[in-house]
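**Q** Coordinates only, no sequence provided:
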């Protein structure tokens with residue numbers, strides 16, 4: 001049950017021992033039992049990360065209101081997690097190959113659980129951000145180890161079905177996550193979206209230690225690229241800090257300028273180090289392929305559009321359209337279900353047309369969905385405002401996702417497939433990190449300007465003006481308006497809701513532009529003669 005070049009050691013399989021599984025005529029019941037428990041452990045572990053990632057966005061308005069933090073701080077609840085995940089995901093996979101995949105999986109699950117407990121008990125936003133960063137480190141070890149364990153422990157003949165089962169449960173978790181998170185926020189507290197994770201971690205770790213075989217790659221050479229990882233965290237952290245701070249301090253502020261310049265410089269050093277490392281976390285030679293480079297630029301553009309838009313969509317649903325958190329979570333279901341239902345069909349597009357046309361048409365359709373999300377005002381039913389664009393977004397992403405992954409892997413020689421997949425996943429995570437920072441700066445600027453313009457355009461009482469001014473920088477402004485009564489409250493609330501809608505429309509328009517740019521990138525980077533996934537760039 002090994003991949004070529006992989007050694008399985010100290011399996012601790014129960015109730016069957018190593019001899020029963022590795023014998024010339026292994027007991028089929030023992031083999032089947034081990035495969036079952038491998039899937040249980042990896043699905044539980046991935047579910048923790050995928051559910052947590054999707055539920056947090058729905059809880060952001062409640063967290064902002066409860067902790068009385070401005071949006072510029074709330075952005076770090078996403079970016080602290082994503083920064084550590086993006087910078088360490090590649091080294092997390094490499095650590096599993098070198099030190100043992102089960103060991104790294106268990107360490108990742110333990111870190112994620114401890115960080116989740118810290119998140120749920122955090123007394124202030126600073127500790128919550130620090131805990132989210134620790135969650136990202138845990139996820140960077142947990143997520144890549146899940147698939148690596150399946151790949152190393154299950155025969156090639158059954159590996160596809162196993163990965164399909166893992167992917168199916170992951171899709172279900174992603175679909176349930178926002179709905180579950182919204183229900184928890186409405187009926188308990190946002191803190192419980194984090195406190196559930198340790199309850200999942202206990203059986204995950206127990207099953208992994210008791211039933212999952214340890215494995216590592218015996219052919220791997222070189223150590224772990226810790227220098228690259230530290231440079232990536234420092235460079236991306238500086239860049240993101242500067243982008244977020246620019247919304248409040250302005251782009252000319254020395255802190256902003258130095259932070260962005262320092263981040264860019266450190267990322268340049270990161271590229272230099274990766275080009276000279278014996279075991280780089282991001283091998284630069286794969287970018288010699290024009291198709292591979294183009295597909296990763298598309299990944300950055302498309303997932304930046306998706307990550308930025310979906311960061312702000314819960315604020316639109318809850319703060320502008322006054323949906324409950326539960327309903328806001330349910331609003332994402334058409335998107336997720338559309339992607340899940342069409343994933344097999346979209347894979348067939350590759351066989352008929354290659355990757356080029358799906359990677360042009362899919363992002364273009366997605367751009368239309370984002371453009372439609374920019375249209376709703378502050379009124380209207382879900383069926384007429386959000387359902388059509390969510391279905392269109394799901395359809396567009398379904399057309400693009402399978403060809404995107406296959407084109408990234410197919411653009412390099414087969415023995416570099418793991419590297420290509422890792423780099424492409426890191427590009428998607430990096431896109432989300434940068435999008436939240438950039439979209440946030442644009443949205444905050446647009447929101448504050450809209451508030452000022454509406455105050456200047458209509459006569460309001462001093463009480464209303466003071467409340468609206470206090471709402472600057474806060475997308476969840478209910479707390480600053482709660483002391484107003486009667487008509488004053490209605491006037492102030494309408495100004496805030498309309499201004500927030502203007503800001504969100506701006507970022508949805510930007511998302512549409514990025515997705516459309518991704519379609520154009522595919523048209524340029526993937527020639528029609530090289531669009532089939534079976535070819536190499």
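**A** Yep, it's here. Everything numeric here is computed off the predicted structure, so don't read it as measured data.
**Q** going forward, measure contacts and count neighbours with C-alpha atoms only.
**A** Noted.
**Q** Where do the helices of the stretch 351-500 of the chain begin and end?
**A** 356-373, 382-385, 387-410, 417-457, 462-470, 478-481, 486-525 (DSSP state H, counting those that start in this stretch).
**Q** which regions of the stretch 201-350 of the chain lie under the pLDDT threshold?
**A** 217, 219-222, 344, 347, 350 (pLDDT under 70).
**Q** at 80 what do you get?
**A** 216-224, 247-248, 279, 340, 343-350 (pLDDT under 80).
**Q** all helices of it, in order?
**A** Here the stretch 201-350 of the chain has its helices, by DSSP H, counting those that start in this stretch, at 226-249, 254-276, 290-315, 325-330, 333-353.
**Q** For residue 515, find the nearest of those helices.
**A** Closest approach to residue 515 among those is made by helix 290-315 (5.0 Å; CA to CA).
**Q** that older thread, would you list the helices of the stretch 351-500 of the chain in CSV and tack on distance to residue 215?
**A** Formatted as CSV, these follow (distance: least, CA to CA, whole Å):
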stretch, distance to residue 215
helix 356-373, 36
helix 382-385, 49
helix 387-410, 24
helix 417-457, 16
helix 462-470, 56
helix 478-481, 52
helix 486-525, 38
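**Q** do you know which of those helices lies nearest residue 45?
**A** When the helices of the stretch 351-500 of the chain are compared by CA to CA, helix 417-457 sits nearest residue 45, at 17.9 Å.
**Q** and the nearest residue to residue 370 once chain neighbours are set aside, how far is that from residue 452?
**A** Closest residue to residue 370 apart from its sequence neighbours, by CA to CA, 6 or more residues apart in numbering: residue 512 at 5.0 Å. Between residue 512 and residue 452 the distance is 27 Å, computed by CA to CA, to the nearest Å.
**Q** Comparing these two, which residue is more hemmed in?
**A** Between residue 512 and residue 452, counted using other CA atoms under 10 Å, residue 512 has the larger neighbour count: 27 against 16.
**Q** pLDDT at the more buried one, what is it?
**A** With respect to pLDDT, residue 512 scores 97.
**Q** Please apply the same query to residue 7.
**A** With respect to pLDDT, residue 7 scores 47.
**Q** Share the number of residues neighbouring residue 238, please.
**A** For residue 238, the neighbour count with other CA under 10 Å is 22.
**Q** if I read this right, it contacts residue 255, doesn't it?
**A** No - assessed by CA atoms under 8 Å, residue 238 is found out of contact with residue 255, at 10.3 Å.
**Q** picking up where we left off before, out of the helices of the stretch 201-350 of the chain, nearest to residue 390?
**A** Nearest to residue 390, of all these, is helix 333-353, at 5.1 Å by CA to CA.
**Q** Buried residues of that closest one, list them for me.
**A** 333-340, 343, 346-347, 349-350 (16 or more other CA atoms under 10 Å).
**Q** And for stretch 312-331?
**A** Along stretch 312-331, these residues count as buried under the neighbour rule (16+ other CA under 10 Å): 312-321, 323-331.
**Q** got it, and stretch 36-55?
**A** For stretch 36-55, using 16+ other CA under 10 Å, the buried residues are 37-55.
**Q** try stretch 109-127
**A** Of all the residues in stretch 109-127, those buried under the rule 16+ other CA under 10 Å are 109-122, 125.
**Q** how far out from the middle of the chain is that stretch?
**A** For stretch 109-127, the separation from the chain centroid amounts to 19 Å (computed by CA atoms, centre = their mean, to the nearest Å).
**Q** If you drop the residues flanking it in sequence, what lies closest to residue 330?
**A** Take residue 330 and drop its neighbours on the chain: the residue closest to it by CA to CA, 6+ apart is residue 179, 4.9 Å away.
**Q** The one you found - how many residues pack around it?
**A** With other CA under 10 Å as criterion, residue 179 counts 23.
**Q** The one 10 residues further on now?
**A** Burial of residue 189 is recorded as 17 neighbouring residues (other CA under 10 Å).
**Q** Chain neighbours aside, what residue packs nearest to the most centrally placed residue in the chain?
**A** The residue lying closest to the centre of the chain (CA atoms, centre = their mean) is residue 429, at 5.5 Å. Nearest non-adjacent residue to residue 429, counting by CA to CA, 6+ apart: residue 86, 5.4 Å away.
**Q** If you count neighbours, what's buried in the helix or strand hosting the one you found?
**A** Residue 86 belongs to helix 71-99 when assigned by DSSP states H and E. Residues 71-98 are the ones in helix 71-99 that count as buried (16+ other CA under 10 Å).
**Q** Looking at that helix now, give me its mean pLDDT.
**A** Average pLDDT, helix 71-99: 85.
**Q** following it, which helix or strand comes up?
**A** Per DSSP H and E, the first helix or strand lying C-terminal to helix 71-99 is helix 101-121.
**Q** For that following helix, enumerate the helices and strands it packs against.
**A** Contacts defined by 3 or more CA pairs under 8 Å, 6 or more residues apart in numbering; DSSP states H and E place helix 101-121 against helix 71-99, helix 125-153, helix 192-211, strand 214-217.
**Q** Surely residue 69 forms part of a helix?
**A** No - using DSSP: H, G, I helix; E, B strand; the rest coil, the assignment for residue 69 is coil, not a helix.
**Q** Was I right to think it contacts residue 125?
**A** Yes - taking contacts as CA under 8 Å, residue 69 lies within contact range of residue 125: 7.3 Å.
**Q** Got phi/psi on residue 460?
**A** Main-chain torsions, residue 460, degrees, to the nearest 10: phi -130, psi 160.
**Q** if I look at the closest residue in space to residue 232 that isn't next to it in sequence, how far off is residue 139?
**A** Once flanking residues are discounted, residue 232 sits nearest to residue 87: 5.5 Å by CA to CA, 6+ apart. Distance of residue 87 to residue 139, given as CA to CA: 11 Å.
**Q** Kindly report the same for residue 133.
**A** Per CA to CA, residue 133 is found 10 Å from residue 139.
**Q** the more surrounded of these two?
**A** Between residue 133 and residue 139, residue 139 has the larger neighbour count (other CA under 10 Å), namely 34 against 24.
**Q** contacting residues for the more buried one?
**A** The contact partners of residue 139, by CA atoms under 8 Å, 6 or more residues apart in numbering, come to 49, 85, 89, 108, 109, 112.
**Q** how does it look with 6 Å?
**A** If you count contacts by CA atoms under 6 Å, 6 or more residues apart in numbering, residue 139 has none.
**Q** how much space is there between it and residue 102?
**A** 14 Å.
**Q** Then residue 225?
**A** Going from residue 225 to residue 102 by CA to CA gives 20 Å.
**Q** These two - which one has more neighbours?
**A** residue 102 (26 against 21).
**Q** residues in contact with the more buried one?
**A** The contact partners of residue 102, by CA under 6 Å, 6+ apart, come to residue 214.
**Q** can you check residue 328 too?
**A** Shown in contact with residue 328 (CA under 6 Å, 6+ apart): residue 317.
**Q** Okay then, goodbye and thanks.
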